[in-house]
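1. got a sequence here, can you build the structure:
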Amino acid sequence: MLKLEQLKKICPNNKQPEALLEVLNKVLPEYEINTKKRVAAFLAQCGHESAQFTALKENLNYSADGLCKVWPKRFTSASMAAPYNRNPEKIANKVYADRMGNGSEASGEGFKFRGRGCIQLTGKDNYSKFAKSIGKTLDETVAYCETLEGAICSGAFFWQTNKLNQYCDSSDFTTLTKRINGGTIGLKDRQHHYDIALSAIDEDVFSKPVPVAVVAPAVAAAIIAPIVLEEVAIPDAEAVEKDDDFLDSVSKFFTDLF
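-> Next up, the predicted model:
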């Protein structure tokens with residue numbers, strides 16, 4: 001099993017490592033993320049995507065200028081973006097409308113099915129596929145993705161469905177990054193945490209059956225409690241253009257698969 005001291009080395013900024021450890025040890029073997037390379041890569045990649053498993057819900061608090069940088073195809077000028085300035089709900093309903101199974105901007109489904117999880121699940125179609133895989137209703141799945149366990153589970157589902165273990169096994173970390181990110185944004189940081197994880201984790205992480213752990217009440221509460229994150233301002237200088245074509249291709253992959 002993954003050990004607490006190992007996890008603290010890999011994710012030193014996570015403030016609830018005990019709760020995170022319980023979830024990882026429960027969920028990862030269920031999705032065959034069960035070797036040193038696979039676990040190290042999952043922790044490095046998902047840790048980068050989610051700020052060490054602390055930012056598990058999409059932050060859409062962009063300024064008008066930021067929107068033009070992040071979604072230049074959808075906001076062609078600052079004046080066009082002005083009505084959406086620092087309004088996450090309105091932004092989500094705009095940028096995710098009429099795609100990935102979502103309805104129109106007025107439907108509100110863009111915001112309802114915005115990104116959640118350690119590899120952010122986005123769009124009604126993708127939530128529906130994940131819901132089917134875990135035997136929950138769509139609304140139950142949205143709520144589940146706002147728990148720590150649901151956030152990890154949805155990321156592991158993405159990992160398994162996209163057959164990412166093959167890149168872990170072959171040590172093709174760059175292709176793995178491209179399959180998750182659509183490019184190589186943050187590759188240096190991902191690689192850095194991957195190297196730390198490889199040095200910290202035992203050779204066979206889940207070589208034996210994982211026993212059912214008795215979880216302390218405080219830890220259990222942290223696992224199942226909804227994730228409450230404050231919407232904070234995003235510096236426009238850090239805004240990165242989102243690859244809409246990649247996002248749509250991921251959605252198509254899930255649709256074709258199911």
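2. what about the strands in the stretch 1-150 of the chain?
-> With DSSP state E, counting those that start in this stretch as the definition, the stretch 1-150 of the chain shows no strands.
3. quick one: the helices in it?
-> For the stretch 1-150 of the chain, helices defined by DSSP state H, counting those that start in this stretch occupy the ranges 4-10, 17-27, 36-49, 64-70, 78-81, 88-95, 109-112, 124-134, 138-144, 148-161.
4. dump those helices into JSON lines; add distance to residue 175 and mean pLDDT as well.
-> Where you see a C-beta, it was placed from the backbone N, CA and C, and this is true even at glycine. Below are the helices of the stretch 1-150 of the chain laid out as JSON lines (distance: least, Cβ to Cβ, whole Å; pLDDT from 0 to 100):
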{"stretch": "helix 4-10", "distance to residue 175": "22", "mean pLDDT": "97"}
{"stretch": "helix 17-27", "distance to residue 175": "24", "mean pLDDT": "98"}
{"stretch": "helix 36-49", "distance to residue 175": "11", "mean pLDDT": "97"}
{"stretch": "helix 64-70", "distance to residue 175": "25", "mean pLDDT": "95"}
{"stretch": "helix 78-81", "distance to residue 175": "34", "mean pLDDT": "95"}
{"stretch": "helix 88-95", "distance to residue 175": "27", "mean pLDDT": "97"}
{"stretch": "helix 109-112", "distance to residue 175": "30", "mean pLDDT": "98"}
{"stretch": "helix 124-134", "distance to residue 175": "22", "mean pLDDT": "97"}
{"stretch": "helix 138-144", "distance to residue 175": "29", "mean pLDDT": "98"}
{"stretch": "helix 148-161", "distance to residue 175": "14", "mean pLDDT": "98"}
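5. do you know which of these lies nearest residue 183?
-> Residue 183 sits nearest to helix 36-49 of all those, at 13.0 Å, using Cβ to Cβ.
6. what is that closest one packed up against?
-> Using 3 or more Cβ pairs under 8 Å, 6 or more residues apart in numbering; DSSP states H and E, the elements in contact with helix 36-49 are helix 4-10, helix 148-161, helix 165-169, helix 173-181, helix 187-200.
7. buried set for stretch 72-88?
-> For stretch 72-88, the buried set under the neighbour-count rule, 16 or more other Cβ atoms under 10 Å, comprises 74-75, 81, 84-86, 88.
8. pick the one among the residues you listed closest to residue 3.
-> Lowest distance from residue 3 to the buried residues of stretch 72-88 (Cβ to Cβ) belongs to residue 88, with 37.4 Å.
9. ok, that closest one - contacts?
-> Contact analysis of residue 88 by Cβ atoms under 8 Å, 6 or more residues apart in numbering lists 59-61, 111, 231.
10. cool, and residue 68?
-> Going by Cβ under 8 Å, 6+ apart, the list of residues near residue 68 reads 75-78, 81.
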